[in-house]
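Asker: Sequence and predicted structure are below.
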Amino acid sequence: MTTEETTMGLRLIVGADEAGVDYKDKVLADLRNDPRVSEVIDIGVNRTDAPNDFTRPYPYVGIAAGEMIRDGKADRAILFCGTGIGVAIAANKVEGIRAAAAHDSFSVERSILSNDCQVLTMGQRVVGVELARRLAKEWIGYTFDPSSASAGKVKVLTDFESC
Ligand SMILES: O=C[C@H](O)[C@H](O)COP(=O)(O)O
């Protein structure tokens, strides 16, 4: 979390395609009860959606989340699909967004401390729901250190995008 996130609380997006909606809803409920989180924005899909919306494919979910972060409407996102890969690829298409699919504690930690990712993705077909819930809780507890040795590496990415 940045200093601002720490002071204000995190503004988090949760989202999923049809293959990740069950995990998304579990994590959404957890985050709504987490004192570190000031706002949770559910961008769907939801089981109550009309069929065309409920079957909205993963690229739309990942891009929508990335655009909202890019536009300052949220700080971070936790997204789900079958594998976590599709929503990560989609979010990474948005300029300035760093998204990682991660299903273990170490990678979840490093996605922030090494890579300053704004987006964590997981696959409902990859890990159990209790692990996904735990990893989501862990992830929001990490804060990137802009004075760390990792910052210069992240800067290579942001400099490349601004060329
Ligand atoms: O990365 C893609 C996701 O896992 C998605 O939920 C399923 O995609 P598919 O139906 O093309 O396998």
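Answerer: Done, it's in.

Asker: Does residue 126 lie in a helix or a strand, and which?
Answerer: For residue 126, there is no host helix or strand (DSSP states H and E).

Asker: To clarify, my last question referred to residue 131.
Answerer: Per DSSP H and E: helix 129-139 holds residue 131.

Asker: Tell me the helices and strands packed up against that helix.
Answerer: For helix 129-139, the packing partners by 3 or more Cβ pairs under 8 Å, 6 or more residues apart in numbering; DSSP states H and E come out as helix 21-32, strand 76-81, helix 105-113, strand 119-123. Using the backbone N, CA and C atoms, a C-beta is placed for each residue, glycine as well.

Asker: Out of those, which gets nearest to the ligand?
Answerer: strand 76-81 (3.4 Å; Cβ to the nearest ligand atom).

Asker: who touches that closest one?
Answerer: The list of residues contacting strand 76-81 from outside it, by Cβ atoms under 8 Å, 6 or more residues apart in numbering, reads 10-17, 19-21, 23-24, 27, 31, 58, 61-62, 65-66, 68-69, 87-88, 91, 99, 118-124, 132, 136, 139-140.

Asker: can you redo the helices and strands packed on helix 129-139 as JSON lines with distance to residue 41, mean pLDDT and mean neighbour count?
Answerer: As requested, the helices and strands packed on helix 129-139 are exported to JSON lines (distance: least, Cβ to Cβ, whole Å; pLDDT from 0 to 100; neighbours: other Cβ atoms under 10 Å):
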{"stretch": "helix 21-32", "distance to residue 41": "10", "mean pLDDT": "98", "mean neighbour count": "19"}
{"stretch": "strand 76-81", "distance to residue 41": "9", "mean pLDDT": "98", "mean neighbour count": "28"}
{"stretch": "helix 105-113", "distance to residue 41": "20", "mean pLDDT": "98", "mean neighbour count": "17"}
{"stretch": "strand 119-123", "distance to residue 41": "13", "mean pLDDT": "99", "mean neighbour count": "28"}
